[in-house]
Structures are given as C-alpha cells and as structure tokens.
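1. Pasting a predicted model and its sequence here:
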Amino acid sequence: MDTELLDALEERVATLVAGYKALRQENQTLMEENRRLSEERDSFKGRIDMILDQLSSSHRVRVLGREFQVRSTASADTVREVETFVNEKLKEVAASINTADSQIIAILALMNIAESYLALVRENDARDREGNRRISRILGEMESNLE
C-alpha cells in the first residue's frame, strides 16, 4: 500500500476523531445546559404555582341545590354575597315560570342578570359622557375667562 494513501487515511481518521471529540464535548455541554434549564423551569413553575395559589382561594358554594368548589381571588364574604345573589335570582326566575328544569331556570336567570348588567353599563357610559361634556364646558369657560 502507498504511504501517501496511508498518511491521508491516518489524517482523515485523526480529523474524524477530533470532530467526534468536539461533538461529544458539545453534546455534554448541551446536556448540562438542558439539565440546568429544566431545573430553572421547574423552579419558576413552582414559584408561579405558589403565587397563583396565593392569589386565588378555594370556596364551597351551593347553587340550585348543588355544591360546587370554586376558586376566586375575592374574599370569602364576597363569594358568599355572590352566591346569595345568584340563588335569589334563580328563585325569582323559578317562581315566575312553570318549569322545574334547572337549565332553563339558569339560562333565564343569566339572561336577566346580563340585561341588568348591560343596562348599568349603558347608564355608566352615559354618566361618563355627561361628566366629560360638563368638564369640557367648564374648562372652556375657564379658558375664555383667562384670556
């Protein structure tokens, strides 16, 4: 066999071995980085879960005779107030119609609550517009008196 050919083959093998070692080192570095990032992710996840747990508390409520576990950032008193409000609205609807179907009662109560809510939103918007109109008028009067 030709020594030049053996030299070339030896050089090629040396290059491949060096490339393999470099890739193995890079792989090791990436595995370590992956492990570190996984630990960091788990740490962040734990902290986020802890914060979320602090932000919302679990409450038991009874609606339409059924007990539910709900999570809310509201105080226990506020959750009880909402529970009472919802049950009162459901009773009002149930008393006004001739059905025992809880789904129909719930849907009609939701429609009534939504109607009341939207009326309050419109009323609030009208007050805001009136307040802004009056403020603009007063500012205009002040500016004209300063001139």
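-> All right, it came through fine. Residues are numbered from 1 along each chain as shown.
2. helix or strand for D125, which one?
-> D125 is part of helix 102-146 when elements are defined by DSSP states H and E.
3. which strands and helices sit next to that helix?
-> Applying 3 or more CB pairs under 8 Å, 6 or more residues apart in numbering; DSSP states H and E, we find helix 102-146 packed against helix 76-96. The way it works is simple: take the backbone N, C-alpha and C, and place the C-beta from them, glycine included.
4. pLDDT on the helix holding D125, on average?
-> Computed over helix 102-146, the mean pLDDT rounds to 91.
5. One more: stretch 7-20?
-> So the average pLDDT for stretch 7-20 ends up being 86.
6. tell me the domain boundaries of the chain?
-> By the assignment in automatic domain parsing, the chain contains the domains 1-55, 57-146.
7. Tell me which of these is the most buried.
-> domain 57-146 (a mean of 12; mean count of other CB atoms under 10 Å).
8. quick one: whichever helix or strand V70 is part of to helix 102-146, angle?
-> Using DSSP H and E, V70 maps to strand 66-72. Using axes from the mean of the first three to the mean of the last three CA atoms, to 10 degrees, the direction of strand 66-72 lies 30 degrees away from that of helix 102-146.
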